[in-house]
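Asks: Sequence first, then the predicted structure:
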Amino acid sequence: MCTAATYKTKDFYIGRTLDYEFSYGEEVVVTPRNYPFAFRFQGEMKSHYAMIGTAYVAGDYPLYYDAVNEKGLGMAGLNFVGNAVYQEPVEDKENVAQFEFIPWVLSQCESVEDVKTLLANMNLTGTPFCEELPTAQLHWMIADREQAITVEFVESGMHIYDNQMGVMTNNPPFEMQMFLLNQYMNLSPKQPENHFAEALPLETYSRGMGGMGLPGDLSSTSRFAKVAFTRMNSISGDSEEESVGQFFHILGSVEQQRGCCEVEEGKYEITIYTSCCNADKGIYYYTTYENQQITAVDMHRENLDSDTLARYPMVMKQQIYWQN
Ligand SMILES: C[C@H](CCC(=O)NCCS(=O)(=O)O)[C@H]1CC[C@H]2[C@@H]3CC[C@@H]4C[C@H](O)CC[C@]4(C)[C@H]3C[C@H](O)[C@]12C
């Protein structure tokens with residue numbers, strides 16, 4: 001499972017947790033403007049916007065999980081197993097393979113408005129990247145500093161939802177996740193008052209009781225409610241350190257500790273990495289399960305006019321700062 005979120009202070013941020021029981025060996029990858037993207041159906045795109053994000057590089061191809069382009073548009077793909085339905089290629093539309101969706105969009109769109117226009121004529125196909133990497137069943141959050149959308153391809157076709165909260169998890173479909181949020185409308189960061197029964201002398205005995213009933217388990221619907229509450233009530237200073245720190249705290253509210261989510265006998269899902277990208281500055285910050293120190297890669301420190309990928313394997317060893 002995974003969780004994605006956006007956040008805005010002075011700058012705009014987008015990131016996600018990647019929760020799974022094993023890693024593909026993903027890296028932080030900068031795709032510069034002149035890296036030739038060979039699209040399966042649309043041919044070669046010789047130049048495009050540069051992007052930075054986490055990808056598994058297969059051959060020389062960046063299979064992005066989440067990324068941001070130099071225009072400040074960001075995108076994250078999250079599991080949507082059992083609900084994602086992709087199409088066969090058709091003649092009258094721009095066919096895009098599911099694994100190309102992030103590069104296809106970030107190559108040419110500057111904003112969510114651009115994305116909506118692009119999607120109107122796009123057909124997402126289930127074409128696998130190769131035999132060893134079968135088609136992933138995903139849905140996506142796409143966002144810029146003005147707005148966020150959730151894009152889902154299901155049995156009934158493509159659906160684009162306004163995502164006012166700037167958060168997303170996994171199943172069920174977004175509309176249902178939003179509906180389930182109605183259950184929590186009574187929760188508040190403020191202390192509750194007794195509405196239970198006037199005749200009873202009920203009192204608060206602890207801080208934080210306004211949030212009682214907010215789920216804490218790791219299911220997708222519970223993480224949706226938890227991260228939405230955290231994100232919507234979150235307060236942060238404007239500086240880069242405060243914003244990035246706060247962002248990691250927001251996603252920290254739904255991180256998965258090894259041992260708490262068994263996927264099969266002796267195998268546990270954990271938060272493999274957490275990312276926070278400053279979309280305005282093109283800086284990708286991340287932590288991994290093993291290394292809780294924030295590490296950063298700045299796309300603007302690379303030659304963005306180059307034609308080769310810049311790749312940074314994630315730092316996996318715990319970095320401890322010794323004070324004496
Ligand atoms: C496994 C991850 C989701 C984690 C998750 O949500 N786990 C809950 C499990 S559960 O659903 O709750 O049981 C997803 C998220 C992004 C995916 C990659 C996207 C690019 C590429 C697309 C190709 O087509 C196939 C290979 C490819 C590298 C993909 C591998 C894998 O699929 C990735 C890592």
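Replies: Now that the structure is in, tell me what you want to look at. Small disclaimer: the values here were computed from a predicted structure and weren't measured.

Asks: Number of residues surrounding the residue of the stretch 51-200 of the chain at minimum distance from the ligand?
Replies: Closest residue of the stretch 51-200 of the chain to the ligand, CB to the nearest ligand atom: Asn79 (2.9 Å). (Each C-beta comes from the backbone N, C-alpha and C, glycine too.) For Asn79, the count of nearby residues is 20 (other CB atoms under 10 Å).

Asks: Val297 now?
Replies: Per other CB under 10 Å, the neighbour tally for Val297 reads 22.

Asks: before we move on, which element is it in?
Replies: strand 295-298 (DSSP states H and E).

Asks: Can you give me the buried ones in that strand?
Replies: Thr295, Ala296, Val297 (16 or more other CB atoms under 10 Å).

Asks: dump the residue contacts of Thr230.
Replies: Counting by CB atoms under 8 Å, 6 or more residues apart in numbering, Thr230 touches His249, Ile250, Ser253.

Asks: which one of these sits closest to the ligand?
Replies: Proximity of these to the ligand (CB to the nearest ligand atom) peaks at Ser253, which lies at 17.3 Å.

Asks: could you pull out the helices for the stretch 1-150 of the chain?
Replies: With DSSP state H, counting those that start in this stretch as the criterion, the stretch 1-150 of the chain has helices at 101-108, 112-120.

Asks: avg pLDDT for the shortest one?
Replies: Meaning helix 101-108. For helix 101-108, the mean pLDDT works out to 98.

Asks: any residues touching it, and which ones?
Replies: Contacts of helix 101-108 (CB under 8 Å, 6+ apart): 31, 37, 39, 42, 45, 48-49, 51, 53, 62, 64, 66-69, 73, 75, 77, 96, 114-115, 118, 122, 124, 140, 142.

Asks: so of the helices of the stretch 1-150 of the chain, which one's packed in deepest?
Replies: Highest mean neighbour count of these: helix 101-108, a mean of 23 (counted as mean count of other CB atoms under 10 Å).

Asks: Not counting its own residues, what contacts stretch 252-268?
Replies: 1, 3, 17, 19, 21, 169, 218, 223, 226-227, 230, 269-271, 274, 289.

Asks: farthest-separated two in these?
Replies: The distance between the two most remote of the contacts of stretch 252-268 (CB to CB) is 24.8 Å, for Glu21 and Thr230.

Asks: about what we covered before: may I see the ChimeraX selection of the buried members of the contacts of helix 101-108?
Replies: To isolate the buried subset of the contacts of helix 101-108 in ChimeraX, counting by 16+ other CB under 10 Å, use the following:
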select :31,37,39,48,49,51,53,62,64,66,67,68,69,73,75,77,96,115,122,124,140,142
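
Asks: Mind listing the residues bridging to Val151?
Replies: Listed by DSSP bridges, the beta-bridge partners for Val151 are Trp140, Ile160.

Asks: does it really touch Asp162, like I thought?
Replies: No: the pair Val151 / Asp162 is not scored as a contact, 11.2 Å apart, by CB atoms under 8 Å.

Asks: which outside residues touch stretch 50-61?
Replies: For stretch 50-61, using CB under 8 Å, 6+ apart, the contacting residues are 18, 24-33, 38, 62-70, 102-103, 106-107, 129-130, 133, 273, 275, 277, 282, 284, 286, 297, 299, 304, 309, 311, 314.

Asks: picking that back up, tell me which strands and helices the strand holding Val297 is in contact with?
Replies: strand 283-288 (3 or more CB pairs under 8 Å, 6 or more residues apart in numbering; DSSP states H and E).

Asks: picking that back up, for PyMOL, what selects the buried ones among the contacts of Thr230?
Replies: Selecting the buried subset of the contacts of Thr230 in PyMOL, with 16+ other CB under 10 Å as the burial test, is done by:
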select buried, resi 250+253
